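Undergrad: turn this into a structure:
(4 chains)
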2 protein chains.
Amino acid sequence: MNDKTPKYIHIKNRIKDGIRNGSIVDKLPGERVLAKELNASYMTVRKAITELEEEGILHKFTTKGTFVSNRKMSPKITRNIGFFLDEDIKEGISSPYYSLIFKALDKTVKKMGYNMLLFSDFNDLNPLKNQKKIDGVIICCFPRIEDKIQEINKYLPIVLLDNTAADKSIPSVTIDNYNSCSKSIEYLWSLGHRRIGFISGLLDSDVCRDRLLGYTSALTRLGIKEDKSLIFKGNYSYESGEKAGEYFASMQESPTAIMCANDSMAIGSMKTIRERGISIPDEISIVGFDNIEVASRVFPALTTNAAPIEDMVNKAVEMLLSSIDGKDIDYKHIILPARLVKRNSCIPANTQL
Amino acid sequence: MNDKTPKYIHIKNRIKDGIRNGSIVDKLPGERVLAKELNASYMTVRKAITELEEEGILHKFTTKGTFVSNRKMSPKITRNIGFFLDEDIKEGISSPYYSLIFKALDKTVKKMGYNMLLFSDFNDLNPLKNQKKIDGVIICCFPRIEDKIQEINKYLPIVLLDNTAADKSIPSVTIDNYNSCSKSIEYLWSLGHRRIGFISGLLDSDVCRDRLLGYTSALTRLGIKEDKSLIFKGNYSYESGEKAGEYFASMQESPTAIMCANDSMAIGSMKTIRERGISIPDEISIVGFDNIEVASRVFPALTTNAAPIEDMVNKAVEMLLSSIDGKDIDYKHIILPARLVKRNSCIPANTQL
DNA sequence: TTTCCTTCTTGCTATATAGCAATTTCTGTT
DNA sequence: AACAGAAATTGCTATATAGCAAGAAGGAAA
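TA: Next comes the predicted model:
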């Protein structure tokens, strides 16, 4: 009481606490009423509330009242969009794939007069813990932070990219991982390959589970018996691709084609396979996923599934901005097909087999 | 007058205009004085000034007065740092080199409780045109926007990265391009190479001019006569590297070693040189610059100059934050040595020559 | 039930005033 | 010229008040 922190700061904190512990849910009492309740003058309360609005925690509507920002009332705009990249994603923003995403996002968002802010710590998004800096956020993450997403979603519009949440009310844009992989396998099959390996990523997300599922189901559909030894568990990194390459190269009966859950692993495996004296594509054909920049530059140029980055980003931004503007979003979950880019790393299977 | 825009907005605009046309230079009259001058009440003027401070245009000091933010008085903190990437830089933020820079910046800045904001349009930095969003900015750009840098520098601390400005009062962090290239040439010389080509980038910046100068001066020092036909002008892109490779491969007397102003061009040239049936490194050794991620993964692994990205970024951030805090910076221009990373793309020159 | 008018509520702008704490400026003395 | 103390200045917090415009709420008349 008798410390010298200003009264309006105390009021701010009381309101914040009220929101946290649930005693304030939606609408606040009017400024004049609040003033009496809190034994402060109208203007003092007003100052506290105004600052809280600037922080994005409250939102005021003339003639209606003051409300807790719960995403239905659009909060004050900062003209910044956040991009949250899970810190566990390999190489982070400088990974070949996510740097493309970020660049595309930045370009799209600039057109609409916004800027991009990069985050890797969820706490930095939370306006109750920090000053509000963004109007919405596009999130690429692993599913283990589900609950944190929910928390943030109370205050900020969210669009998930490349991932879906268990809570299906959060909009998302993803690639059709299942069918893209299936089609790649069918393509290899059409080239005569019958013994097809798979290098998976971490299986803790739908993304990679779907890619693996696309592979196994395509095999089943094509009448090829499943062989668990043909599935190598990687972690999306180049290095794990190298290990996968060594594994397949040293098998008694190597596969004649390998499908990889991303390009980095594909390129890593190409290196070690070749080091073992096995020729690509003559003896083993390779298919990747993502179509990163270097995919077209390695030798042989890598056949891969091109993520429709432009489309994904456009859709994600479109949904996010609509959400920021308080509009309804028609379709919450958008699944876009990847495009199989045929290059030189796949050729018909050796007839001698 | 009789339109209904609030009075305090008018006052804000009058002050902004005053700053623009130079009638307000440093210190503003006190709030109470200003109120009388402008025929408004103290609190009204105060509101205008407060908002201008939030926009980063003014800065107030209790007991001292209100001043135009001219960078000596530290402006209000937003806890955001800008990263300006010239839009003419190839591939922008998803280029292998700048994505590493950005990632390192983000990491460093996060430790200090800041976030990164990406910009490619200078106007977005200017608080007179937009709401102020950042406390300072790290700039990678070509020198043609010198004058714009000056303009921004009135309101924001700036640190130049990989570039220096004509105005040497703006701090910068750069690589020692000259000596790094010289040393690479000396290394090639020590391997017995005497006919050494050079693939330059665009010569409109000190960066590449210095790299070229390092090359030519090293040759002179080593007693090798200059041969202009051994210098190919590229533009930093992979594609221009491909062209350079074709050029050198089709020379009557190809060089036995090529120094490249960056890795992308080095890798591009390796591709087309090999396509012409010339072996790397057996017939031509290659040295790159930047040490991007793929440099270690191409075949043969590329010998290259590693930019000390961590150090550069640390220094740049350190200087910027000092500047934001209003501290003096001891050394304004920091030049860091690159490290020659020796890999398999360089071998002793063929003795048959 | 619908329509229309009045009253109330809400946040927004604007003014006036008062005391505080830190600092600068002025002033009188040595 | 130097110093010490008084006075003035500066921005910050806080209070009280008043009118405005726009919308919400309520009630009376059709």
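Undergrad: so how many other residues sit close to A:Asn344?
TA: 15 (other CB atoms under 10 Å in any protein chain shown). Backbone N, C-alpha and C define where each C-beta goes, glycine included.
Undergrad: can you report phi and psi for it?
TA: With angles defined as degrees, to the nearest 10, A:Asn344 sits at phi -90, psi 0.
Undergrad: quick one, what contacts it?
TA: For A:Asn344, the contact set (CB atoms under 8 Å, 6 or more residues apart in numbering or on different chains) comprises A:Pro281, A:Pro300, A:Ala301, A:Thr303.
Undergrad: how does it look with 10 Å?
TA: A:Ile280, A:Pro281, A:Ser285, A:Ile286, A:Val298, A:Phe299, A:Pro300, A:Ala301, A:Leu302, A:Thr303 (CB atoms under 10 Å, 6 or more residues apart in numbering or on different chains).
Undergrad: if I look at the first one, how far off is B:Ile267?
TA: Translated: A:Ile280. Remark: distance between A:Ile280 and B:Ile267 (CB to CB, to the nearest Å) = 19 Å.
Undergrad: between the two, who's got more neighbours?
TA: Neighbours were counted for A:Ile280 and for B:Ile267 using other CB under 10 Å; B:Ile267 has more, 28 against 23.
Undergrad: the more buried one in helix, strand or coil?
TA: Following DSSP: H, G, I helix; E, B strand; the rest coil, the label given to B:Ile267 is helix.
Undergrad: tell me, how many residues neighbour the nearest residue to it once chain neighbours are set aside?
TA: In this structure, B:Ile267 finds its nearest non-sequential neighbour in B:Val298, 5.5 Å apart by CB to CB, 6 or more residues apart in numbering or on different chains. B:Val298 has 24 neighbours, counted by other CB under 10 Å.
Undergrad: center of chain A - which residue?
TA: Nearest to the mean C-alpha position of chain A, counting by CA atoms, centre = their mean, stands A:Cys140 at 2.1 Å.
Undergrad: hang on, isn't it packed against A:Asp162?
TA: Yes. If you go by CB atoms under 10 Å, A:Cys140 and A:Asp162 touch, sitting 5.4 Å apart.
Undergrad: so what sits against both of these two?
TA: A:Ile89, A:Tyr97, A:Tyr98, A:Ile101.
Undergrad: ok, now how distant is A:Ile329 from A:Pro143?
TA: Taking CB to CB, one finds A:Ile329 at 21 Å from A:Pro143.
Undergrad: ditto for A:Val294
TA: 29 Å.
Undergrad: higher neighbour count, those two?
TA: A:Val294 (20 against 16).
Undergrad: which residues touch the closest residue to the more buried one other than its chain neighbours?
TA: Leaving aside its sequence neighbours, A:Val294 sits nearest to B:Val294 (CB to CB, 6+ apart; 5.6 Å). By CB under 10 Å, 6+ apart, the residues touching B:Val294 are A:96, A:238, A:267, A:293-294, A:297-298, B:96, B:263-264, B:267, B:301-302.
Undergrad: what do you get for A:Leu160?
TA: By CB under 10 Å, 6+ apart, the neighbours of A:Leu160 are A:84, A:137-141, A:143, A:149, A:167, A:170-174, A:316, A:333.
Undergrad: kindly recompute the last result at 8 Å.
TA: A:Ile138, A:Ile139, A:Cys140, A:Cys141, A:Ile149, A:Ile170, A:Pro171, A:Ser172, A:Val173, A:Thr174.
Undergrad: can you check A:Asp311 too?
TA: A:Leu336.
Undergrad: and the pLDDT at it?
TA: Looking at A:Asp311, its pLDDT reads 95.
Undergrad: how close does it get to A:Thr164?
TA: Counting by CB to CB - A:Asp311 and A:Thr164 are separated by 17 Å.
Undergrad: among the contacts of A:Asn344, name the ones in helices.
TA: Judged by DSSP state H, those include no members of helices.
Undergrad: now stretch A:104-111 - C-alpha only, CSV.
TA: The C-alpha coordinates for stretch A:104-111 follow below in CSV (Å, rounded to 0.1, in the frame of the first residue of the first chain):
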residue,chain,number,x,y,z
ALA,A,104,7.1,-16.7,-48.4
LEU,A,105,5.3,-15.6,-45.2
ASP,A,106,7.2,-12.4,-45.0
LYS,A,107,6.4,-11.6,-48.6
THR,A,108,2.7,-12.3,-48.3
VAL,A,109,2.3,-10.6,-45.1
LYS,A,110,4.1,-7.5,-46.3
LYS,A,111,1.6,-7.1,-49.1
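Undergrad: what does that stretch rub up against?
TA: Applying CB under 8 Å, 6+ apart, the contact partners of stretch A:104-111 are A:81, A:83, A:115-116, A:138, A:309-310, A:313-314, A:316-317, B:92-93, B:118, B:120-121.
Undergrad: pretty sure A:Phe67 belongs to a strand, no?
TA: Yes. Judged by three-state DSSP, A:Phe67 forms part of a strand.
Undergrad: wait, what's in contact with A:Ile24?
TA: Per CB under 8 Å, 6+ apart, neighbours of A:Ile24: A:Ile15, A:Gly18, A:Val68.
Undergrad: do that again at 6 Å, thanks
TA: Residues counted as contacts of A:Ile24 (CB atoms under 6 Å, 6 or more residues apart in numbering or on different chains) are A:Gly18.
Undergrad: ditto for A:Ile335
TA: Neighbours of A:Ile335 in contact, by CB under 6 Å, 6+ apart: A:Thr174, A:Asp176.
Undergrad: okay, it: pLDDT?
TA: At A:Ile335, pLDDT is 94.
Undergrad: surely it forms part of a helix?
TA: No. Counting by three-state DSSP, A:Ile335 is located in no helix; its state is strand.
Undergrad: from chain B, how far out is the residue in chain A that DNA strand C sits nearest to?
TA: In chain A, no residue comes nearer to DNA strand C than A:Gly30, which is 3.2 Å away by CB to the nearest atom of the strand. As judged by CB to the nearest CB, to the nearest Å, A:Gly30 and chain B stand 21 Å apart.
Undergrad: and for that residue, the neighbour number?
TA: A:Gly30 has 13 nearby residues by other CB under 10 Å.
Undergrad: same question, A:Val137
TA: Counted with other CB under 10 Å, the neighbours of A:Val137 add up to 24.
Undergrad: which strand residues bridge it?
TA: For A:Val137, the beta-bridge partners are A:Gly82, A:Ile158 (DSSP bridges).
Undergrad: shouldn't it be in contact with A:Ile81?
TA: No. In this structure A:Val137 lies outside contact range of A:Ile81 using CB atoms under 6 Å: 7.0 Å.
Undergrad: could you list the residues of chain A in contact with chain B?
TA: Proximity of chain A to chain B (CB under 6 Å from any CB of the partner chain) is limited to residues A:Gly92, A:Ile93, A:Ser94, A:Ser99, A:Leu100, A:Lys103, A:Asp106, A:Asn115, A:Met116, A:Leu117, A:Leu118, A:Val294.
Undergrad: just the ones in strands from those residues, please.
TA: Counting by DSSP state E, those place A:Asn115, A:Met116, A:Leu117, A:Leu118 in strands.
Undergrad: buried subset of those residues?
TA: A:Asn115, A:Met116, A:Leu117, A:Leu118 (16 or more other CB atoms under 10 Å in any protein chain shown).
Undergrad: so which of the residues you listed comes closest to B:Asn126?
TA: For those, the minimum distance to B:Asn126 (CB to CB) is 13.1 Å, reached by A:Asn115.
Undergrad: wait, what's in contact with the closest one?
TA: A:Asn80, B:Leu117.
Undergrad: who does it form a beta bridge with?
TA: If you apply DSSP bridges, the partners that A:Asn115 bridges to are A:Asn80.
Undergrad: how about the helices in the stretch 1-150 of chain A?
TA: For the stretch 1-150 of chain A, applying DSSP state H, counting those that start in this stretch gives helices covering A:7-20, A:31-37, A:42-54, A:96-111, A:146-153.
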